[in-house]
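# This is a predicted model, with the sequence first.
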Amino acid sequence: MTKGLWDRETVALMLLAAYMPLALTWLWFGGTDALARLLLALVVSGIWHLVFMLARAQPPSLAGAIAALGVAMLAPEDLGLLRMVLGVSFGAVMGELVFGGWGRNVVNPATVTLSFLGFGFPAFPWPGFVEPVAWAAIPAALIGLAFGVMPAGVILGAVLVGVTASLAGLLPAVLVPAAGIVLVLLVACPVASAATELARWLNGAFYGALMVIFAISWDGAAPVQMAVSAALLASLAAPLFDEIAIGLWLARRRRPHGRS
Amino acid sequence: MITEEAGLTGPAHGELRVTPLVEEGAQVAHGAPVACLRHAPEICLTAPMAATVGAIRLGPGRRMGEIVFFRESGGGRHEHALDGALSEASLRRLMQGAGLWPLLQRRPFGNMPAPGERPAAIFVMGSDTRPFAPDPEVALNGSERVFGEGLDALCHLTDGPVIVCHSRAELPLGTKRAHEQVKTLRCGPRHPQGLAGMRIHSAFPAELDAPVWDIHAEDVAAIGALLETGLVPETRLIHVAGSALRESRFVRTQPGADLRGLTYGEVLPGPHMLMTGSPLDGREAHWLGTRDRQVTVMPRGPRRRGRHWFIEALTGSAMPRPIIPTSALTHAFGGGLPAAPLARALAAGDDETAMKLGALSLLEEDVALADYVLGGHGTLAGALRRMLDRTETEFAA
């Protein structure tokens, strides 16, 4: 028997390739500071993958690098070494590795880290993004969609809601860059988002709707903070959407057959 | 092309308990019964050509191993008695006696139907999209009329529809195309779309108490020919292909043909393996499988050097691999069903969810593409088979 190539590591590699435009633009504008954050997140995440490989025989995955990139780009600034190490460790271990590694986790490990840091250390400022970095999220999404490793429904659903809300004046333009980057980095994860077609659209639309709600009623929150909170809630709701979508599919399927 | 040797074998999975009706060394005519099922003696296995019975190998409990035949020229053909008007009972008796019954496949579980079972629907597969598969419509060339006869006959076996799946616009439905029960179903030209499992799953899902049969279109023509002449056709169209061959070719050969005879002189130098079935779901074998219409010859890679024990332990402990829902997985299931939840339910052994999502309509061949796409470890096919076996045991109890 010959062998196809869409196993877990290929998908992780493709995702990493898709994130390259975003990561490189961000590094270009962030300089050594950004590089240091990325290296720290990579090293801590790598150490935990190594620990779980030795202790639990879980093969390490390139997906650890994806989570590290998300954390480095979106974590609050000036956290200091200790808090950063704590946050990345919590996300990598509790968000991903205890479930058996990437592919079996429920929430994106980067989302876990960021929520942990955001709730645990609310005094630190959330990062902002220069315009070119936000634009670089578009090629990242396009590459991900072209290779089929990012769920198309999630991205399109979120964009649909976002565009509609922007036209209606409900989503301020300040929020759009952060919302777009978080959409690509955290929400459009193939594992943590919904797995059926309809549920993916619902999931993306839910993320967009949460952004709109936060924009209207959450005073004093930074754009990235809103987007990360929306990403956390959206990925927690993903199984519910899957359940709804499968229920609808079964109901529609039963009708023409007229049996059972 | 008729090979010098041929062999009857049991199914790829499950067991077939048989009682031999001939001795080793006996002369048999083409189509003469050589064995019958132990628990359903009316179902016979018949000789694929006029031959001497070379060997009868049975496993413990008279499980079918193989029955080997050596060709004898001028052995004649066994004529099956046609008794007057076509009725359901006479058709069943004829098909079972002439060895055509094993060509039917039953879902759920994928075994041969019981002699008296009435299916909820019969799917006639006039399309086959597996890699290197011969086009059933080419196989039907020249036998359109008997195909129509066969379709009419199949209508006696079920109260439900007889659904003809095809991938081209024009289909030789024979003369009696106006038959009420016969329906047609267009299916796409790309791989999983032309599989019986995918079509049954979307058009008429099989259930525990509502089995669905499927049969290849060429075998329907064989039923028609049998009804007309009392003789079973001698050959079927198969495609011998694969990357270890000089050139691929279509041949008409007998059922159970010898794979070495079919590929003799055509194989490239070097180690190779002979598989009956497609590259995706084929299995290494000596003889052409009962329902198979493809022979795949693949080069056997150099023997893998033993990997480091640590890498071996890591990869071993990661089984079954986590399933990442990508577009590749969705397309591997034809896009019509929730692929990732189904694959996850199968891999996790969640029989109830898998059944709810329609796994009872599927067989190993239907998840073979997903297995290939996900890295070729055969885990989904194995998981599906275990799930079906568990369900079958529970249902029988």
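Sure thing, it's come through. Numbers count the residues shown, from 1 in each chain, chains lettered A, B, ... in the order given.
# Give me every residue in the stretch 101-250 of chain A lying close to chain B.
A:101-104, A:148-149, A:151-152, A:190-191, A:195-197, A:242, A:245-246, A:249-250 (CB under 8 Å from any CB of the partner chain). All C-beta atoms are positioned from the backbone trio N, CA, C, and that covers glycine.
# Would you mind listing the buried residues in the longest helix that chain B contains?
Using DSSP state H to define each element, chain B has its longest helix at helix B:379-396. Within helix B:379-396, the residues that qualify as buried are B:379-385, B:387-388, B:391-392, counting by 16 or more other CB atoms under 10 Å in any protein chain shown.
# same question, stretch B:267-281
In stretch B:267-281, counting by 16+ other CB under 10 Å, buried: B:267, B:272-281.
# Now A:Arg83: closest residue in space, sequence neighbours ignored.
With sequence-adjacent residues excluded and distances taken as CB to CB, 6 or more residues apart in numbering or on different chains, A:Arg83 is closest to A:Phe121, at 5.9 Å.
# For that neighbour, give me its contacts.
A:76, A:79, A:83 (CB atoms under 8 Å, 6 or more residues apart in numbering or on different chains).
# ok, then the element right after the helix or strand harbouring the last one?
Assigning secondary structure by DSSP states H and E places A:Arg83 in helix A:81-95. The element immediately downstream of helix A:81-95 (helix or strand, assigned by DSSP H and E) is helix A:109-120.
# Kindly spell out which helices and strands sit in contact with that next one.
helix A:63-74, helix A:81-95, helix A:223-257 (3 or more CB pairs under 8 Å, 6 or more residues apart in numbering or on different chains; DSSP states H and E).
# which helices and strands does the host helix or strand of A:Thr164 pack with?
For A:Thr164, the host element (DSSP H and E) is helix A:152-168. Packed against helix A:152-168 by the contact rule (3+ CB pairs under 8 Å, 6+ apart) you find helix A:131-146, helix A:175-182, helix A:197-217.
# Okay, buried residues for it please.
By neighbour count with 16+ other CB under 10 Å, helix A:152-168 contains the buried residues A:152-159, A:161-162, A:165.
# State the mean pLDDT of the longest helix of chain B.
In this model, helix B:379-396 has a mean pLDDT of 91.
# And the contacts of A:Phe121, which is the shakiest by pLDDT?
Scoring the contacts of A:Phe121 by pLDDT puts A:Leu79 last, at 88.
# Go through the lowest-mean-pLDDT helix or strand in chain B and flag the buried ones.
Ranked by mean pLDDT, DSSP states H and E, the weakest helix or strand in chain B is helix B:309-317, scoring a mean of 78. Across helix B:309-317, burial judged by 16+ other CB under 10 Å covers B:Leu314.
# Give the full set of residues in contact with B:Glu327.
Quick fix: residue B:327 reads Ser, not Glu. Applying CB under 8 Å, 6+ apart to B:Ser327 gives the contacts A:148-149, A:152.
# err, B:Arg71, not the other one
Counted by CB under 8 Å, 6+ apart, B:Arg71 has contacts B:2-6, B:49-51.
# where does residue 196 land on pLDDT?
Unless you meant another one, I'm taking chain A. 92.
# sorry, should have said chain B
Reported pLDDT for B:Ala196: 91.
# quick one, phi psi at it?
Dihedral pair for B:Ala196: phi -60, psi -40, per degrees, to the nearest 10.
# The residue lying closest to it once chain neighbours are set aside and chain A, how far apart?
With CB to CB, 6+ apart as the criterion, B:Ala196 has its nearest non-adjacent residue at 4.0 Å, and that residue is B:Asp214. In this structure, B:Asp214 lies at 17 Å from chain A, with CB to the nearest CB, to the nearest Å as the measure.
# B:Asp214 belongs to a strand?
Yes - with DSSP: H, G, I helix; E, B strand; the rest coil as the criterion, B:Asp214 is assigned to a strand.
# Looks like B:Leu185 contacts B:Ile200 (just checking).
No - counting by CB atoms under 8 Å, B:Leu185 stays clear of B:Ile200, with 10.1 Å between them.
# Please check the residues of the stretch 101-250 of chain A next to chain B and keep the buried ones.
Among these, the ones that count as buried by 16+ other CB under 10 Å are A:101-104, A:148-149, A:151-152, A:190-191, A:195-197, A:242, A:245-246, A:249.
# quick one: low-confidence ranges for chain A?
Applying pLDDT under 70 to chain A flags residues A:1-2, A:256-260.
# Not counting its neighbours along the chain, what's nearest the residue nearest the centre of it?
Nearest to the mean C-alpha position of chain A, counting by CA atoms, centre = their mean, stands A:Leu186 at 0.8 Å. In space, and not counting its chain neighbours, A:Leu186 is closest to A:Ala231: 4.3 Å by CB to CB, 6+ apart.
# Thanks again, I'm all set now.
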